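Novice: sequence plus the predicted model coming up.
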Amino acid sequence: MLNIKDDLIWETIGGEKFCSFKFSTQKQFFCKNELNLTGFCSKQSCPLSNSRYATVVEKNGIIVLYQKDNKNLNFPDKSWKKIILSRNYLKAIQQLDSNLAFWPKFLVHRIKQKLTKLTQVLIRKRINGIKKKIIPDKNVPSILYKRNDEYKKLKKIKIQKIIEHELINRLNFGVYGNIYSPCPIQTWRKLRKSEPQTEEIGNFKKQIKGGIQII
């Protein structure tokens, strides 16, 4: 009885007849149904015209085995039995062998092919996700990169000013002796009087007044 029903369904939707999942090219017919195992519109790979059918589908990073249940064909919401496969490829193959032990070889072979393809796609997705986290995209400018560059430049300017004032204070204390003449120091003082004093200069003056000797 089931074979007769399958043949009637295929005669209704198969070949050049109408099916909502069918789309054609100049040479061949294809199927858009997500449960189709091969993507071709044929009697063997059609999920509607086969009462005994199985396929694998990827949903949110999980591969699920769909098996058509002959007992509940009259109930569309219960006609498919779902089995979640393991993320380990070898264990998933063992699950397929145990659940599809007495199924046609064509279906089992095609399901294993689709499983290998889906596992490769998931592995590539994970690798690309890890690369995006580790290596940011340099071609896309972001506000964070700009802020970091500005912060680094300001930090360099502050460090240069601190080093400059520290060297001048050492010259004033006579740490370097008569190695350097006082003429450049006097010119520097005249120039600095015309510029506004920064916080770093005020901090160094407080240290000098407090009796801290810089070595």
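Specialist: Noted; the coordinates are in hand.
Novice: residues in contact with Lys125?
Specialist: With contacts defined as C-beta atoms under 8 Å, 6 or more residues apart in numbering, Lys125 is in contact with Gly61. All C-beta spots, glycine's among them, are computed from the backbone N, C-alpha and C.
Novice: that one: which element?
Specialist: Assessed by DSSP states H and E, Lys125 sits inside helix 105-134.
Novice: need phi/psi at Tyr66.
Specialist: phi -100, psi 130 (degrees, to the nearest 10).
Novice: beta partners of it?
Specialist: Taking DSSP bridges as the rule, Tyr66 bridges to Thr55, Lys82.
Novice: just give me the neighbour total for it.
Specialist: Counted with other C-beta atoms under 10 Å, the neighbours of Tyr66 add up to 19.
Novice: ditto for the one 4 residues further on
Specialist: Here the count is done by other C-beta under 10 Å, and Asn70 has 10 residues near it.
Novice: next one: the residue nearest the centre of the chain from Gly61, what distance?
Specialist: The centroid of the chain falls nearest to Gly129 when counting by C-alpha atoms, centre = their mean (2.2 Å). Distance, Gly129 to Gly61, by C-beta to C-beta, to the nearest Å: 11 Å.
Novice: about what we covered before: give the buried residues for the helix holding Lys125.
Specialist: For helix 105-134, the neighbour count (16 or more other C-beta atoms under 10 Å) marks Leu107, Val108, Arg110, Ile111, Lys112, Lys114, Leu115, Leu118, Thr119 as buried.
Novice: just list the residues touching the third one, thanks.
Specialist: I take that to be Arg110. Counted by C-beta under 8 Å, 6+ apart, Arg110 has contacts Leu37, Thr38, Ser45.
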